[in-house]
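> Make a model of this:
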Amino acid sequence: MSDNADKYDAVIIGAGPAGSSCAIRLAKTGLKVLLAEQKKFPRSKLCGEFISPECLAHFAELGVLDEMSRGGGVSLKRTVFYARSGRCVSVPSEWLASGSLAIGLSRSQMDQVLLSGASAAGAEVVEETAPTALLRNAEDQVCGVTLRKRSGRSFPVKAGLVMDATGRSRVLSKLADPKTRKPRADFVAFKTHLSGAATPDTDCEIYSYTGGYGGSNPVENGLTNLCFIINAAIARQQGSDAERVMRNVLFTNSQARRSLSHAQVADQWLAVPIENYGPAELSPAPGMLSIGDAAGFIDPFTGSGILLALESSRIAAEVLVTLGASDFPTFIAEYRQRYESAFHRRLKISSLVRRSASVPFFADAIINFLSLSDRLTHYLTKATRRSPSPSGADL
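Here you go, the predicted structure:
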C-alpha cells in the first residue's frame, strides 16, 4: 500500500467477524475498502467459540461457507443450561434456525477464513497495523485515519467512511474522544482449550455459579473450548488465577465439575476485563460508525455475539451501498434506526438473562421453571436473537 494511496470508500479497523464480513460485503459491490488489523492472523481470541446456526446463512452470503465447513468445526445439536445442582434445560440448535446446527469452531480458524475471504473479495488487507489518530476535515468530520505498522512507520489514509470494528476495546471511539474515562471492570473473562473433557460431542454446556457463568463446547482437533465470566472481586480473591477460579468457583456447578475436572489445559489461558455490556455509541464522531462489539456488546450467555457482529456489519454495508456516506447525517440516521430496530429489544432481554444467570438462586429457579415448559423456553430463546428482515440486497 502506498503512503499516497487514493481515498478509500471505507476504512475498517479490526478484522474480527464484524470487520472482515463488512469488508467482504462492501468489496463485492465494487467499493474500495481497506481492512486494517493490529494482530497477525491466525491468532487466539477470547470467545465462547459457539457459532449459532443463523450464522451459516451469513457465511453463505459471504462466500465462505465451504471454507468454514472445511475448518474442522464440530456440529452442536443443542445447548444445555445447568443449575448448580445439575438440573438443566435444553435448547435444540434447530430452534434457532430450522434445519441447521450450531458449530464449535475456534476463533483462530473462523477469523482466518473471514480475513482471507475479505482479501479474495477485493478488499485491501493490512495486518500488524494499528490506528493512532483520526483525520478530520475543515468541518471537523472524520475523513480518514493515521495508521502505524509494527515496524513503526506511520502513514495517513483518507476515507469516505471510517468504521470501528475493534470490539469491546472501541479503539477508534477512544481516539475520537481521548477524555473518555475507562469504566471500572466489574467482571473478568477467562478462556482456554482443554483436552480430555467429558462433555458430549454434540453439546454446548452452560454453567451457573456464584458471581458469573461459563460454558464449554467441542471445537476442532478434539479440543474443548472453555470460557467463563466471573465477578472481578471474586477473581481477585482467587489471586486472579484462572485455574483456581475454575476449580474453586466454576466447579461449584456439579455438571461443570463432572464434565471438566479431569480435563487437561491444552492451550494458554487468555483473560480480559469486561467493563460494559449493552449498546455503545453508534457514531462516536461525524464520519465514523461502529459495528460488532464496538457498537454493542451482547451478553455471551445467549451465544449470539458472532451473530450480532455479522448482522450489524450487514446492516452497515447495506446502508452504505444504498445511501453512500457523503450525506453523513442521513446515512447515520438510517443506520441507527435499522440497528436499534434489530438489536434494542434483544440486548435488553439478554441483559436480564445474564444478570439472573450470575445469581445462583435466580438461575436455579429459572432453569427449574423453564425445564417444565419447552414452549416458554423456545419463546425466551427466540427473544434473544430476532434477526432483522432481509432488505433484499445481496451484499
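
> any idea how far residue 243 is from residue 265?
The spacing between residue 265 and residue 243, counted by Cβ to Cβ, to the nearest Å, is 7 Å. Every residue, glycine included, has its C-beta placed from N, CA and C.

> quick one: low-confidence ranges for the stretch 101-250 of the chain?
Filtered on pLDDT under 70, the stretch 101-250 of the chain yields the residue ranges 180-182.

> The stretch 51-200 of the chain: strands as residue ranges?
For the stretch 51-200 of the chain, strands defined by DSSP state E, counting those that start in this stretch occupy the ranges 74-76, 78-82, 88-92, 102-104, 124-126, 129-136, 142-149, 154-158, 162-164, 187-195.

> most tightly surrounded among those?
Stretch with highest mean neighbour count among these: strand 162-164 (a mean of 31; mean count of other Cβ atoms under 10 Å).

> about what we covered before: with distance to residue 332 as extra columns, can I get the strands of the stretch 51-200 of the chain in a markdown table?
Shown next, in a markdown table, are the strands of the stretch 51-200 of the chain (distance: least, Cβ to Cβ, whole Å):
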| stretch | distance to residue 332 |
| --- | --- |
| strand 74-76 | 37 |
| strand 78-82 | 35 |
| strand 88-92 | 36 |
| strand 102-104 | 33 |
| strand 124-126 | 25 |
| strand 129-136 | 16 |
| strand 142-149 | 12 |
| strand 154-158 | 19 |
| strand 162-164 | 12 |
| strand 187-195 | 31 |
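
> Residue 375: which of these is closest?
Residue 375 lies closest to strand 88-92 among the strands of the stretch 51-200 of the chain, at 12.3 Å (Cβ to Cβ).

> And the average pLDDT for that closest one is what?
Averaged across strand 88-92, pLDDT comes to 89.

> Partner strands of that strand, with direction?
Neighbouring strands of strand 88-92 in its sheet, by DSSP bridges, are strand 78-82 (antiparallel).

> Tell me the gap between the strand it pairs with and the middle of its chain.
Centroid separation between strand 78-82 and its chain, computed with Cα atoms, centre = their mean, to the nearest Å, is 20 Å.

> Stretch 183-195 too?
Averaged C-alpha coordinates place stretch 183-195 at 14 Å from its chain's average position (Cα atoms, centre = their mean).

> Output that stretch as CSV, nothing but the C-alphas.
Taking Å, rounded to 0.1, in the frame of the first residue of the first chain, the C-alpha atoms of stretch 183-195 are listed here in CSV:
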residue,chain,number,x,y,z
PRO,A,183,-15.2,2.3,33.2
ARG,A,184,-14.3,0.0,36.0
ALA,A,185,-14.2,-3.7,35.1
ASP,A,186,-16.8,-5.4,37.3
PHE,A,187,-16.2,-8.7,35.6
VAL,A,188,-13.2,-10.7,34.1
ALA,A,189,-13.4,-13.4,31.5
PHE,A,190,-11.1,-16.4,31.1
LYS,A,191,-10.7,-18.8,28.2
THR,A,192,-8.6,-21.8,27.2
HIS,A,193,-8.8,-25.1,25.3
LEU,A,194,-8.9,-28.4,27.1
SER,A,195,-8.2,-32.0,26.2
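
> from here on, count from 18
Got it, first residue is 18 now, which makes that one stretch 200-212.

> in stretch 134-142, what's buried?
Buried positions in stretch 134-142, judged by neighbour count with 16 or more other Cβ atoms under 10 Å: 134-135, 138-142.

> Repeat that for stretch 334-341.
Buried residues in stretch 334-341 (16+ other Cβ under 10 Å): 334-338, 340.

> This completes my enquiry, with thanks.
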